[in-house]
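Visitor: sequence and predicted structure are below.
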Amino acid sequence: MFMSISTTGTAENPATDLGFLLHKHPGRVQRFSTAHGEAHVFYPEAGDEACTAALLLDVDPVALVRKGRGKGRAGSPDFALAQYVNDRPYAASSLLAVALRTVFRTAMKGVCEARPGLADQLRPLRIVLPAVPVGGAAGEGDGVAMAVRLFEPLGWQVEASAIPLDETFPAWGESRYVRLELSARRARLADALQQLYVLLPALDGAKHYWVAPDEVDKLLAAGEGWLAGHPERALITRRYLSRRWTLTRRAMERLELARLAEADDREVEEVDNAVDDTTGETGPEPETGPEPESGYEPESGHEPETRHARETGHERTAPRPPSLAEQRRTAILDALRETGAARVADLGCGQGELIAALLKDARFTDVLGVDVSVRALSAAARRLRLDRMPERQANRLRLVQGALTYTDERLKGFDAAVLCEVIEHLDLPRLPALEYAVFGAARPAAVVVTTPNAGYNVRWESLPAGHLRHADHRFEWDRAEFRGWAERVAAAYGYTVDIRPVGPEDDEVGAPTQLALFRLGAGAADVPAGTTATMDSTTPEGGETR
């Protein structure tokens, strides 16, 4: 099993800098022990103008069989019929990927202590792999096409040619092996090694060891900075993880978060923040008291009982009034029933409180929960006991990952969509993207939006003046601001809108929550001309939870 890496240079920037990057001296042949044989690193040429490093992996087939025996489904699927006679000693597969990580571990991290800054330099690279196995599935294309699909989007110039089964018998056709040559005028060596580490097993579609859950972490670590934005990330992930669907879904959810965070120039933790770690993922909703981390919103709309009453046990025996969260859900359900909706999408579903209420009403026959947060979707699945839900009820529900500021084909065709306490969590410059994704692209017959009434905040003495109700709120609107926004969106996208209060209403400042019920106007089947000009219409590839 053989691979070579070549670069060019000048007297000022010699090609032999490759030795510093790989941490292997060009003047010596070095040998390294791996789990399945010995790896040799040597330099067929080493000069200022050209330098080539070669990795030769000498696989011990007997050791390979012994280590694979009894692990998973008889080790590797390729060993089912041919344990001792196989291509593993000769073809660049997952064995070579493991050898890369063993021999060039520091180079893959982009570290070069001897020459600080050298690892970040872009340089010409040429990588040659004489025999790469490509295990194609139906609809995935042949080996040459697969190699181009995986490497070309990363900036590589790909030269791939199929290797015939036997050159003396052309009629036998081509084998599943390709000769692969990758060239780049300017590339980081560390990036190239990380890409090879992921894409060689992905091309093969099989691994020489059982794929465990920690393979997801290895994939995401090696794919950092390039895999989330790759147009074939779903294909790569599926094949790298040997089509283990549970692991593939988990990896895709995390890749989607990374892609969205990069698109918004934010950290992943900022995007996946729908669940508050301080309160627990599946704990009950607070009935009174402040929202997590900041602000104060008594969910019942009344001041909480005194500490003395709680501590002495002299609490009221009268029925507890419905919390503001309960009143909000009731108002949303009433609005949905008013529209006659049967298929409902809960956009920004969080931990699934509204979904649970929707599933209790048989008139809602198809419920879709969407959230960008993987943790929130997992908490929703636990809260709803999705794994123990009766099949008839489970067939009414889907939980999917997605960002509401991107158009998504999965959101089309619903009778109604709900944005319950969602819009205030977006930065104002991103709000037009949500407007288009929901009202312009998904275009349900009705949309229900709830958001805090900032004018009501003065009624809560525990909320400091000028503060928002929650640490993650980007803004809060008073009644006039919300009405102005709702009427503008309705006019732009062909809807009518009705504004309603939710919760105890104060004569001076209104109710704590405000609700807008949008209905698609007659003859408004198409998005108004010019509406999409400034909107982001990228479609995410979110994962699905069932």
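Guide: Received the coordinates, thanks.

Visitor: buried ones in stretch 445-463?
Guide: Across stretch 445-463, burial judged by 16 or more other CB atoms under 10 Å covers 445-457, 459-460, 463. C-beta coordinates here come from the backbone N, C-alpha and C atoms, glycine included.

Visitor: looking at these, which are in strands?
Guide: Applying DSSP state E to those, the entries found in strands are 446, 447, 448, 449, 450, 451, 452.

Visitor: right, and the third one touches residue 421 too?
Guide: I take that to be residue 448. No. Residue 448 lies out of contact with residue 421 (CB atoms under 8 Å); the separation is 11.4 Å.

Visitor: if we can go back for a sec, which one of the ones in strands among the buried residues of stretch 445-463 is nearest residue 235?
Guide: Proximity of those to residue 235 (CB to CB) peaks at residue 447, which lies at 34.8 Å.

Visitor: distance of that closest one from residue 170?
Guide: Using CB to CB, to the nearest Å, we find residue 447 at a distance of 63 Å from residue 170.

Visitor: ok, now residue 323?
Guide: 77 Å.

Visitor: so these two - more neighbours on which side?
Guide: Of the pair residue 323 and residue 170, residue 323 is the one with more neighbours under other CB atoms under 10 Å, namely 20 against 10.

Visitor: pLDDT value on that one, please?
Guide: On the pLDDT scale, residue 323 is placed at 86.

Visitor: do residue 257 as well
Guide: Looking at residue 257, its pLDDT stands at 66.

Visitor: about what we covered before: lowest pLDDT pick from the buried residues of stretch 445-463?
Guide: Minimum pLDDT for those is recorded at residue 463 (71).

Visitor: surely it touches residue 473?
Guide: No. Using CB under 8 Å, residue 463 is not in contact with residue 473, being 11.9 Å away.

Visitor: next, count neighbours for residue 86.
Guide: For residue 86, the number of neighbouring residues by other CB under 10 Å comes to 18.

Visitor: Three-state assignment for it, please.
Guide: Three-state call for residue 86 (DSSP: H, G, I helix; E, B strand; the rest coil): coil.

Visitor: how much space separates it from residue 143?
Guide: Remark: distance between residue 86 and residue 143 (CB to CB) = 18 Å.

Visitor: residues touching the longest strand anywhere in the chain, excluding its own?
Guide: Using DSSP E, we find that the single longest strand of the chain is strand 174-187. Here strand 174-187 makes contact (CB atoms under 8 Å, 6 or more residues apart in numbering) with 87, 91-92, 122-136, 142-144, 147, 151, 155-165, 192.

Visitor: cutoff 6 Å now
Guide: Here strand 174-187 makes contact (CB atoms under 6 Å, 6 or more residues apart in numbering) with 122, 124-134, 143-144, 147, 151, 155-157, 159-165.

Visitor: which of these fall within helices?
Guide: Counting by DSSP state H, the part of the contacts of strand 174-187 found in helices is 143, 144, 147, 151.

Visitor: where does pLDDT dip in the protein?
Guide: Low-confidence segments of the chain (pLDDT under 70): 62-85, 136-141, 208-210, 257-319, 464-466, 522-546.

Visitor: need the residue closest to the centroid of it.
Guide: residue 256 (1.8 Å; CA atoms, centre = their mean).

Visitor: SS state for that residue?
Guide: Recorded secondary structure, residue 256: helix (three-state DSSP).

Visitor: again, but for residue 42
Guide: What three-state DSSP gives for residue 42 is strand.

Visitor: so residue 202 touches residue 235, yeah?
Guide: No. Here residue 202 does not reach residue 235: they are 7.6 Å apart, not a contact under CB atoms under 6 Å.

Visitor: ok, the two, which is more surrounded?
Guide: Taking neighbours as other CB under 10 Å, residue 202 and residue 235 compare with residue 202 leading, 23 against 17.

Visitor: the more buried one and residue 96, how far apart?
Guide: According to CB to CB, residue 202 and residue 96 sit 13 Å apart.

Visitor: for the stretch 151-300 of the chain, which segments count as strands?
Guide: Applying DSSP state E, counting those that start in this stretch to the stretch 151-300 of the chain gives strands spanning 157-164, 174-187.

Visitor: who does the first one pair up with?
Guide: Strand 157-164 sits in its sheet next to strand 174-187 (antiparallel), going by DSSP bridges.

Visitor: skip the chain neighbours and tell me the closest residue to residue 457.
Guide: Leaving aside its chain neighbours, residue 457 sits nearest to residue 463 (5.5 Å; criterion: CB to CB, 6 or more residues apart in numbering).

Visitor: same thing with residue 205?
Guide: Computed as CB to CB, 6+ apart, the closest residue to residue 205 that is not its neighbour in sequence is residue 135, at 3.6 Å.

Visitor: list the contacts of that neighbour.
Guide: Residue 135 is in contact with 204, 205, 206, counting by CB under 6 Å, 6+ apart.

Visitor: same question, residue 21
Guide: The contact partners of residue 21, by CB under 6 Å, 6+ apart, come to 107, 112, 189.

Visitor: out of those, which sit inside helices?
Guide: Checking those against DSSP H, those in helices are 107, 189.

Visitor: so which of the contacts of residue 21 wins on neighbours?
Guide: Ranked by neighbour count (other CB under 10 Å), these have residue 189 at the top, with 26 neighbours.

Visitor: let me know the helix or strand that the residue nearest to that one when sequence neighbours are not counted is in.
Guide: Closest residue in space to residue 189, ignoring its immediate chain neighbours: residue 21 at 4.9 Å, by CB to CB, 6+ apart. Per DSSP states H and E, residue 21 falls inside helix 17-22.

Visitor: what's the following helix or strand after that helix?
Guide: Downstream of helix 17-22, the first helix or strand assigned by DSSP H and E is strand 30-34.

Visitor: let me see the ranges of the strands in the stretch 351-500 of the chain.
Guide: Assigned by DSSP E, counting those that start in this stretch, the strands in the stretch 351-500 of the chain fall at 366-371, 397-401, 416-420, 446-452, 495-502.
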